[in-house]
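J.: What follows is a protein structure lacking sequence information:
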């Protein structure tokens, strides 16, 4: 018996190694998605419960909500996408003042 671990992946066929790699990658992606959803839920809770102290803080909340809205728009809805983009431009211009 040795203290050196055996790399079992080297003893598998190529198809089995690829399947194992895919399972590992999928598990990592699922974990990342779960963590992202948890962070997103925490952010949304904070956005709902903490009142804005300034217009720029309110604009941060509005940007978040507009990004959610824009992501749900169909690609052919260029009019609403342009409206959201114009509003983001307004926020940026007004923040500079």
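T.: Perfect, thanks for sending it. Just so it is clear, the model here is predicted, and its values are computed rather than measured.
J.: in the protein, which residue is closest to the centre?
T.: residue 36 (6.0 Å; CA atoms, centre = their mean).
J.: tell me which element that residue is part of?
T.: Assigned by DSSP states H and E, residue 36 belongs to helix 14-49.
J.: name the helices or strands packed onto that helix?
T.: If contacts are counted by 3 or more CB pairs under 8 Å, 6 or more residues apart in numbering; DSSP states H and E, helix 14-49 sits against helix 55-72. Glycine gets a C-beta too; all of them are placed from N, C-alpha and C.
J.: angle of the helix it packs on against helix 14-49?
T.: 140 degrees (axes from the mean of the first three to the mean of the last three CA atoms, to 10 degrees).
J.: ok, residues contacting helix 55-72?
T.: Contacts with helix 55-72, where a contact means CB atoms under 8 Å, 6 or more residues apart in numbering, come from 43, 47, 52, 80-81, 84, 87-88, 91, 94-95.
J.: Take the residues you listed and keep only those in helices.
T.: Counting by DSSP state H, the part of the contacts of helix 55-72 found in helices is 43, 47, 80-81, 84, 87-88, 91, 94-95.
J.: Run a quick neighbour tally on residue 63.
T.: Number of residues near residue 63 (other CB atoms under 10 Å) recorded here: 15.
J.: Since that was my last question, I'll sign off now.
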